[in-house]
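>>> Model the following, please.
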Amino acid sequence: MSQLNCCLVVLAGPPGSGKTTWARRNGVGAVHVSQDDLIDAITPAAFEHIYRPVYRAAEDAVARAALERGHVVIVDRTNRTRAHRERWLNIARALHCPAVAVVMTTPPALCRSRNRERAGHRRVSEERMDRMFAAMQPVSALEGFSAIYLGEAITMDEILAQLGAPEREDIAHEHCHQAR
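Alright, predicted model coming up:
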């Protein structure tokens with residue numbers, strides 16, 4: 001049985017395309033599953049390949065736990081291939097929650113400029129940026145998303161309204177705090 005409040009929002013776009021900014025702007029009352037933030041929490045010095053399965057398991061666990069409890073979840077990672085996005089669609093299907101994609105359409109030159117301004121391990125090498133741009137696969141309606149939106153043209157409230165979900169309440173209580 002579908003939970004009316006749960007929804008999985010899968011952000012897709014290269015580094016520097018505005019995914020985290022979109023999530024922060026629209027994520028009040030939602031659970032933000034950020035690959036970068038989980039990496040920082042698990043291995044604060046930087047990404048380590050040996051922990052890749054741990055990072056993945058942490059992302060999956062947070063998303064599942066939140067969706068099971070009827071929350072909106074925003075997945076903030078590049079999700080550059082159909083295979084990457086299928087992972088999230090499978091979780092949403094298993095929990096009978098709608099999944100939507102929000103695709104960032106930021107020009108590559110601006111993504112690269114923003115990336116160069118990043119500090120420390122959050123900056124991606126130019127070679128890695130080249131590989132990520134080359135690997136980006138367009139999000140397709142055939143993948144199984146309930147809807148596909150452009151990031152600059154949609155808000156979370158509009159997504160939820162189109163899905164027929166009840167309006168989010170911005171009431172703080174002991175277990176739900178306003179945006180920091």
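
>>> now the strands for the chain?
For the chain, the strands defined by DSSP state E occupy 7-12, 31-34, 72-76, 99-103, 147-150.

>>> Mean pLDDT added to the ones you listed, as CSV?
Output for the strands of the chain, formatted as CSV (pLDDT from 0 to 100):
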stretch, mean pLDDT
strand 7-12, 97
strand 31-34, 95
strand 72-76, 97
strand 99-103, 97
strand 147-150, 95
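
>>> any chance of those strands in a markdown table, with distance to Ala41 too?
Every C-beta, even on glycine, is put in place using the N, C-alpha and C of the backbone. As requested, the strands of the chain are arranged in a markdown table below (distance: least, Cβ to Cβ, whole Å):
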| stretch | distance to Ala41 |
| --- | --- |
| strand 7-12 | 19 |
| strand 31-34 | 10 |
| strand 72-76 | 14 |
| strand 99-103 | 24 |
| strand 147-150 | 29 |
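
>>> among the ones you listed, which is nearest Asp157?
strand 72-76 (10.6 Å; Cβ to Cβ).

>>> Now do that closest one against strand 7-12: the angle between them, please.
Counting by axes from the mean of the first three to the mean of the last three Cα atoms, to 10 degrees, strand 72-76 lies at 10 degrees to strand 7-12.

>>> Distance from the chain centre to the helix or strand of the chain with the lowest mean pLDDT, please.
One helix or strand of the chain scores below all others by mean pLDDT, DSSP states H and E: helix 35-42, with a mean of 86. Mean C-alpha position of helix 35-42 versus that of the full chain (Cα atoms, centre = their mean, to the nearest Å) differs by 13 Å.

>>> Can you spell out which helices and strands pack onto that helix?
Under the contact definition 3 or more Cβ pairs under 8 Å, 6 or more residues apart in numbering; DSSP states H and E, helix 35-42 sits against helix 52-68.
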